[in-house]
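S.K.: okay, predicted coordinates and the sequence, questions at the end:
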Amino acid sequence: MAGIPGDDTVAITARKYDGAAHLTWPVRLLFVDDDLIVTYAPPGATLVHYTKGLRLPQDHACLSAFPRDRHWNAMLDFAPDGAPLGVYCNVAALPPVLGPGYLDWVDLDLDVVWPGDSPATLMDEDEFAAHAARYAYPAALVASARAATDEPLALAARGVAPFTMQDRDAALAGLAAELRRDALGAR
């Protein structure tokens with residue numbers, strides 16, 4: 001499937017290394033091709049946090065980019081008024097898997113967080129270490145996950161997509177405008 005699939009709704013599920021569901025939330029597929037999956041969750045979408053046993057209504061919009069050839073994804077958050085809130089990159093064991101009604105990925109806990117007004121930081125190294133021991137991550141996976149943080153940290157340092165709210169690469173330009181319209185409640 002290539003292009004903008006319309007109002008296709010899927011459930012994103014972030015899984016732990018053993019396959020157990022960690023987080024899930026509903027999104028609309030905005031763009032799918034061989035290189036990239038882009039989704040949108042409007043304000044009010046409910047995130048289910050299985051690990052903590054919580055259901056969390058989201059008060060912000062989220063545009064997510066899942067590169068198919070990377071071991072990370074990026075979530076661009078927007079306030080209800082459409083103002084950018086920042087970017088959250090998750091390190092994943094493998095690229096995402098898209099199927100009928102679902103988009104799954106394995107969360108390895110390492111995150112690159114950019115609030116927009118300060119440098120990006122690497123977060124949750126303690127969770128990564130604990131889960132690496134708990135789930136017996138192979139040494140190659142540990143090395144791959146650590147290496148996967150290099151690219152988003154470098155992109156953030158250079159101020160390029162997805163770590164910019166002014167410039168979007170061509171694939172996301174029209175989608176960002178749709179997000180802003182939805183975040184502002186205009187349809």
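M.R.: Cool, the structure landed.

S.K.: Three-state assignment for K52, please.
M.R.: coil (DSSP: H, G, I helix; E, B strand; the rest coil).

S.K.: could you measure from it over to H22?
M.R.: Distance check for K52 against H22: by C-beta to C-beta, to the nearest Å, it reads 9 Å. For every residue, glycine as well, the C-beta is placed using N, CA and C.

S.K.: who's more crowded, these two?
M.R.: Neighbours were counted for K52 and for H22 using other C-beta atoms under 10 Å; H22 has more, 17 against 9.

S.K.: my read: that one touches K16, true?
M.R.: Yes. Judged on C-beta atoms under 8 Å, H22 makes contact with K16 at a distance of 5.2 Å.

S.K.: just list the residues touching E125, thanks.
M.R.: L110 (C-beta atoms under 8 Å, 6 or more residues apart in numbering).

S.K.: now do it, the pLDDT please.
M.R.: Predicted confidence (pLDDT) at E125: the value is 97.

S.K.: for the chain, what spans make up the strands?
M.R.: 9-15, 21-32, 36-41, 46-49, 54-57, 61-67, 72-78, 84-92, 97-99, 102-114, 121-123 (DSSP state E).

S.K.: redo these as JSON lines? Include distance to L153.
M.R.: Shown next, in JSON lines, are the strands of the chain (distance: least, C-beta to C-beta, whole Å):
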{"stretch": "strand 9-15", "distance to L153": "21"}
{"stretch": "strand 21-32", "distance to L153": "23"}
{"stretch": "strand 36-41", "distance to L153": "20"}
{"stretch": "strand 46-49", "distance to L153": "25"}
{"stretch": "strand 54-57", "distance to L153": "27"}
{"stretch": "strand 61-67", "distance to L153": "15"}
{"stretch": "strand 72-78", "distance to L153": "10"}
{"stretch": "strand 84-92", "distance to L153": "9"}
{"stretch": "strand 97-99", "distance to L153": "25"}
{"stretch": "strand 102-114", "distance to L153": "6"}
{"stretch": "strand 121-123", "distance to L153": "7"}
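
S.K.: thank you, goodbye.
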